[in-house]
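Trainee: using only what follows, build the 3D model:
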Amino acid sequence: MKFYIGQQVEHIRFHYRGVIYDVDQEFIGSEEWYERMAVSKPPKDQPWYHVLVHEADHTTYVAERNLRPYEGKDYIDHPLLPSFFDGFKAGTYFRRDRH
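Mentor: Here you go, the predicted structure:
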């Protein structure tokens, strides 16, 4: 996988920023969702990432090829952020301890 949980990324086509909170080794959504939402038809057999979108209250599910690393050190503003992360340093978020 090219990206990791807690890493900030930017969407190449839609230019939003977010933080990865989960990753699937390959696409696990429905065929209906893929046909409707995955307009560029990215490969299903490569990693797909769950992303908290900055300054929004929704999440996205994005193919690896549609993301690039975010080079800034800014915070993400998302209401679900505390549910997944409890630390932040130099632009990277640290997962909440799930014990």
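
Trainee: for stretch 73-82, give me every contacting residue.
Mentor: For stretch 73-82, the external contacting residues (Cβ atoms under 8 Å, 6 or more residues apart in numbering) are 8, 17-19, 21, 52-57, 59, 88, 90-91, 93, 96. In this view, the C-beta of every residue, glycine as well, is placed from N, C-alpha and C.

Trainee: same check on stretch 55-64?
Mentor: Contacts for stretch 55-64 (Cβ under 8 Å, 6+ apart): 1-3, 9, 11, 16, 18, 21, 27, 29, 37-38, 42-43, 46-53, 77-80.

Trainee: after the host helix or strand of residue 88, next one along is what?
Mentor: In this assignment (DSSP states H and E), residue 88 forms part of strand 85-89. The helix or strand immediately downstream of strand 85-89 is strand 92-95, counting by DSSP H and E.

Trainee: just the buried residues out of the contacts of stretch 55-64, in ChimeraX syntax.
Mentor: Buried residues within these, by 16 or more other Cβ atoms under 10 Å, are selected in ChimeraX with:
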select :3,9,11,18,21,27,38,47,48,49,50,51,52,53,78
